[in-house]
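>>> turn this into a model:
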Amino acid sequence: MDALLAEIRGCRLCAERFAQTETAHAPRPVVRAQPSATLLIAGQAPGARVHASGKPFTDPSGDRLRDWLGLDAETFYDESRVAILPMGFCFPGYRKGADLPPPAICARTWRTQLMAELPNIRLTLPIGGIAQKWHLGVKTGVTETVAHWRDHLPDAIPLPHPSWRNTAWLKRNPWFGEDLLPLLRSHVQEALR
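Numbering: from 1, shown residues only. Below is the predicted model of the structure:
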């Protein structure tokens, strides 16, 4: 695993692509995992703040996600217990003020190898449509996939992105906070035992 993580952290497959975005930046893969991890957080791609810090979910969406999961920062960032593997390891940049989607080449190049190094995962939390399609094989949109979260138990619980941009979605879907979050916290605790 250490050799694979070192190779990923040195990846420059998208250097030219990132140099052509509004933010014109170099690749900086952000990934955390160890073979002993039992919880997998499969996000989309790091944002600009995470690109700057080099540590996943060091932004308001990370605060919201940790609250959803019922985890403190120490547990959340314990890579021996929690693997954080976005579908794209680098900040993809912006176009017209919005985050670009993660380049598909990242998952094609690295995901299968990484998943093979994580034999102890008990619970996968695919966040957003791209992660849900890869990990769950769904063809539905995020709202429908998350609304049918029970279909994926006990191995996975799909989640919307915890971004502030989804605050309106959370208000339109009160079942998420009322029904899914209490069960999510319980399953997370069970996975980490």
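
>>> the protein: helices as residue ranges?
Counting by DSSP state H, the chain has helices at residues 2-9, 15-19, 48-53, 60-69, 73-76, 104-116, 129-136, 142-147, 167-172, 175, 181-192.

>>> go through those helices and name the closest to residue 37.
helix 181-192 (9.5 Å; Cβ to Cβ). From N, CA and C alone the C-beta is placed, and that goes for glycine too.

>>> so which bits of the closest one are buried?
181, 184, 187-188, 191-192 (16 or more other Cβ atoms under 10 Å).

>>> what of stretch 108-123?
Applying 16+ other Cβ under 10 Å to stretch 108-123 flags 109-111, 114-115, 117-118, 121-123 as buried.

>>> first to last residue in that stretch, what's the distance?
Stretch 108-123 has an end-to-end distance of 22 Å (Cα to Cα, to the nearest Å).

>>> one more: stretch 39-46?
Span of stretch 39-46 from end to end, Cα to Cα: 19 Å.

>>> find the centremost residue of the chain, please.
Taking Cα atoms, centre = their mean, the centroid of the chain lies closest to residue 43, which sits 1.5 Å from it.

>>> any idea how far that one lies from residue 51?
Distance of residue 43 to residue 51, computed by Cβ to Cβ, to the nearest Å: 13 Å.

>>> returning to that earlier point: TSV for the helices of the chain, including mean pLDDT?
Listed next are the helices of the chain as TSV, based on pLDDT from 0 to 100:
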stretch	mean pLDDT
helix 2-9	96
helix 15-19	92
helix 48-53	92
helix 60-69	97
helix 73-76	98
helix 104-116	96
helix 129-136	97
helix 142-147	98
helix 167-172	96
helix 175	97
helix 181-192	98
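
>>> cheers, nothing more for now.
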